[in-house]
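Novice: Provided below for reference: sequence and predicted model.
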Number of protein chains: 2
Amino acid sequence: MQPRPRIPEATVARLAVYLRVLSGLADGGRGTVSSGELASAAGVNPAGLRKDLSHLGPCGVRGVGYEVATLRDRIAGVLGMETAHACVLVGLGNLGSALAGYGGFGSRGFEFVGLFDASPARVGQQVGGRPVRPMEELDEVVATTRATIGVIATPAEVAQPVCDRLTAAGVRSILNFAPVALTAPAGVHVRQVDLSVELQVLAFLDKQRGPVSALGDALSPAATRPATPVGRMA
Amino acid sequence: MQPRPRIPEATVARLAVYLRVLSGLADGGRGTVSSGELASAAGVNPAGLRKDLSHLGPCGVRGVGYEVATLRDRIAGVLGMETAHACVLVGLGNLGSALAGYGGFGSRGFEFVGLFDASPARVGQQVGGRPVRPMEELDEVVATTRATIGVIATPAEVAQPVCDRLTAAGVRSILNFAPVALTAPAGVHVRQVDLSVELQVLAFLDKQRGPVSALGDALSPAATRPATPVGRMA
DNA sequence: CCATGTGAACCGGTTCACAGCG
DNA sequence: CGCTGTGAACCGGTTCACATGG
């Protein structure tokens, strides 16, 4: 089975997690891992992990496990991490500023090559070591840096026009933090992250499972098996 | 079919989105909506929306649509939004501060009743109008406020101990922004939001679909149908 | 003998097409 | 006649059990 036939999106998301764990193991000088150990560190089921990895073709040694550094590089290659990705970020309120200053992006090969805001009060300020630019410069920056990813952290009202601007400028993928569904041209990928929705799902689960009692509800010998099929490395 | 037999989690997440759209429509004085219009505003397929709503029992008028205010209240009730939810937040770096100051939570019935940080430098500061408290006060605050939701925005290294602390204090649900898989006792719900993973999925999709050409790749009459099956209200 | 790799059952969720009702 | 509500097909992803091979 060639590594061609397209990798499921759910698998891609998990590969990113495996990659992070593997990087940590490699930095710790670890040589090999078993699927079981890697799976528990990533919070997934071992069989599922092996199935995920099977999409990249055989990359382990039977009876032994996976070679940490090799597997890391393999996944990094599949995910397109060998080359850095240029991103632009629009909207530097609290959330946007947090994203601009978040070290986790840079260390994973993503670089913000442009920060933009419509507010004159913010333009010119430095955020995360980079200057905030006016919206007028967006097209130019996207063109010269060949940025392919745009991150929207604006108020909901302006998210759609910003999206239009980004796609017109040549951005091919958008990560949207504004609480609105965006319309984008065909071929442009949009991912939505909605903080309030996450919280509301939790509140619902609480309501479902929770109304049993307000306290002392650790009735059953619960701690035997984690509800979350997760464990950090054994 | 009673509204009992449990609602799928995927549906719950979308109900939260419908609720937001409905609130907007209601504020705009709108009386009724059809499934088609609501679906396009929420970025989903009309049939799927109707199926989602079917979980709450019949709540529309055939041949007409849904009564906006009624449906809003119905969903709000199912989601447990009638009563405010007390949350505690741990970790007030850039991201945590952004979350603490984010208006979208308060307006949806979530209130941060406690902000905590381990760094003495941050303790005592005001964030989003609330004081940052030392970790020592966590148990007490959770107990007195009956907070059921905990949000973790700490560095990855301390996320697990913080999680342990929160669950020990009585928190039943956790929203984790730290890039690690958490282990929690049975019955505690954990949701993971991983910003880097989102970006990596986008980068992968770019790589898959993208290597065709760097520019001028709007070859086909693309704008005819949005790739994202979305549209804001027609 | 151990851990990988994978075909096949399984499951939840999505889509479709139409029945039901104002 | 229009739009809701839903049973049934469909599909992708997950889990399981075992065959494969160092």
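Specialist: Sure, I can see it.

Novice: drop to CA atoms for contacts and neighbour counts, all remaining ones
Specialist: Will do.

Novice: Residue A:7 - how many residues pack around it?
Specialist: Residues near residue A:7, counting by other Cα atoms under 10 Å in any protein chain shown, number 18.

Novice: Would you confirm that it contacts residue A:54?
Specialist: No. Residue A:7 lies out of contact with residue A:54 (Cα atoms under 8 Å); the separation is 9.9 Å.

Novice: Which parts of chain A are helices?
Specialist: Remark: helices assigned in chain A by DSSP state H are A:9-27, A:35-42, A:46-54, A:68-78, A:94-101, A:103-106, A:138-145, A:156-169, A:195-209.

Novice: With mean neighbour count added, can I get those in a markdown table?
Specialist: Output for those, formatted as a markdown table (neighbours: other Cα atoms under 10 Å in any protein chain shown):
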| stretch | mean neighbour count |
| --- | --- |
| helix A:9-27 | 19 |
| helix A:35-42 | 22 |
| helix A:46-54 | 17 |
| helix A:68-78 | 18 |
| helix A:94-101 | 22 |
| helix A:103-106 | 15 |
| helix A:138-145 | 15 |
| helix A:156-169 | 18 |
| helix A:195-209 | 20 |
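
Novice: now those as TSV including distance to DNA strand D and mean pLDDT?
Specialist: Below are the helices of chain A laid out as TSV (distance: least, Cα to the nearest atom of the strand, whole Å; pLDDT from 0 to 100):
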stretch	distance to DNA strand D	mean pLDDT
helix A:9-27	5	98
helix A:35-42	10	98
helix A:46-54	4	98
helix A:68-78	16	97
helix A:94-101	27	95
helix A:103-106	24	91
helix A:138-145	31	98
helix A:156-169	25	98
helix A:195-209	18	93
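
Novice: Around DNA strand C, which positions in chain A sit nearby?
Specialist: A:1, A:33-36, A:47, A:50-51, A:53-55, A:57-66 (Cα under 7 Å from any atom of the strand).

Novice: try it again with 10 Å
Specialist: Proximity of chain A to DNA strand C, by Cα under 10 Å from any atom of the strand, involves residues A:1-3, A:32-39, A:46-67, A:71.

Novice: ok so, going back, TSV for the helices of chain A, including distance to residue A:121?
Specialist: Formatted as TSV, those follow (distance: least, Cα to Cα, whole Å):
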stretch	distance to residue A:121
helix A:9-27	37
helix A:35-42	42
helix A:46-54	47
helix A:68-78	40
helix A:94-101	14
helix A:103-106	25
helix A:138-145	17
helix A:156-169	17
helix A:195-209	26
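
Novice: Going by length in residues, pull out the top strand of chain A.
Specialist: Criterion DSSP state E: the longest strand present in chain A is strand A:110-117.

Novice: Next, the angle from that strand to helix B:195-209.
Specialist: Relative orientation of strand A:110-117 versus helix B:195-209 (axes from the mean of the first three to the mean of the last three Cα atoms, to 10 degrees): 100 degrees.

Novice: Quick check: residue A:134 touching residue A:123?
Specialist: Yes. The pair residue A:134 and residue A:123 passes the contact test of Cα under 8 Å, sitting 5.8 Å apart.

Novice: Residue A:153 is in contact with residue A:176, isn't it?
Specialist: Yes. In this structure, residue A:153 is within contact of residue A:176 by Cα under 8 Å, at 6.7 Å.

Novice: any residues in contact with both of the two?
Specialist: Residues touching both residue A:153 and residue A:176 by Cα atoms under 8 Å, 6 or more residues apart in numbering or on different chains: none at all.

Novice: Spit out the residues that contact residue A:134 and residue A:123 alike.
Specialist: Any residue near both residue A:134 and residue A:123 by Cα under 8 Å, 6+ apart counts here, and that gives A:116, A:117.

Novice: show me the contacts for residue A:154.
Specialist: Residues in contact with residue A:154 (Cα under 8 Å, 6+ apart) are A:90, A:91, A:92, A:93, A:96, A:177, A:178.

Novice: and chain A, what are its domains?
Specialist: Domains of chain A are assigned by automatic domain parsing as A:9-78, A:85-195.

Novice: thinking again about what came up before, now, which of the contacts of residue A:154 lie within strands?
Specialist: Going by DSSP E, the strands hold residue A:90 from these.

Novice: Much appreciated, bye for now.
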